[in-house]
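J.: coords please:
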Amino acid sequence: MIHFTVETLDTSASLSLNKNNEIIQNAVNILLDGILQPTEISTEGVSLYKQGRYNYNNETNQWDYVFEGYKVNNRLKIVTDKIEAAGFIIDTAVEQGINQVDYVQFLPLASSVLELQNSLIA
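T.: Here you go, the predicted model:
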């Protein structure tokens, strides 16, 4: 299992969302081209919020809010049994603009666990 996040920031919500969608779509299209099946890729969630910071203004002795834009986070989950392709999947995603690899987790298949359980019981 591989979890990615694409984070974009732009001056308008629609620009940030469109940029984010383009990055995700480019990565997914390449990964679906002979590497993964559509059932192995899913979106975990999308969030959109205003991004800003506070700067101290020495003239007014107050903190001023500075709007930086709209931030979109899109979380992508890949679940596959193609362990040997994990490096390629990560490299491809990053090359296409996915800017966070949240984590990689290797888990045994449920069928393998059941087979092992049955062999231990027998």
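
J.: What helix or strand is Ser119 located in?
T.: Assessed by DSSP states H and E, Ser119 sits inside helix 110-121.

J.: pLDDT averaged over that helix - what is it?
T.: For helix 110-121, mean pLDDT rounds to 75.

J.: what's downstream of the longest helix anywhere in the chain, the next helix or strand?
T.: For the chain, the helix with the greatest residue count under DSSP state H is helix 13-32. Sequence-wise, the next helix or strand downstream of helix 13-32 (DSSP H and E) is strand 41-57.

J.: From the contact counts, what lies against that following strand?
T.: Under the contact definition 3 or more C-beta pairs under 8 Å, 6 or more residues apart in numbering; DSSP states H and E, strand 41-57 sits against helix 13-32, strand 62-78. (C-beta placed from N, C-alpha, C; glycine too.)

J.: Please write out the alpha-carbon positions of the last one in CSV.
T.: Listed next in CSV are the C-alpha coordinates belonging to strand 62-78 (Å, rounded to 0.1, in the frame of the first residue of the first chain):
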residue,chain,number,x,y,z
GLN,A,62,-0.4,44.5,15.3
TRP,A,63,-0.4,41.2,13.5
ASP,A,64,-1.6,41.5,9.9
TYR,A,65,-3.0,38.5,8.0
VAL,A,66,-1.4,37.9,4.6
PHE,A,67,-3.5,35.8,2.2
GLU,A,68,-1.3,33.4,0.3
GLY,A,69,-3.9,31.5,-1.7
TYR,A,70,-6.1,28.4,-1.7
LYS,A,71,-4.5,25.1,-0.8
VAL,A,72,-5.8,21.8,-2.1
ASN,A,73,-4.7,18.5,-0.6
ASN,A,74,-5.6,15.4,-2.6
ARG,A,75,-4.7,12.0,-1.0
LEU,A,76,-4.2,9.1,-3.3
LYS,A,77,-4.0,5.4,-2.2
ILE,A,78,-2.5,2.6,-4.2
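
J.: No more questions from me, cheers.
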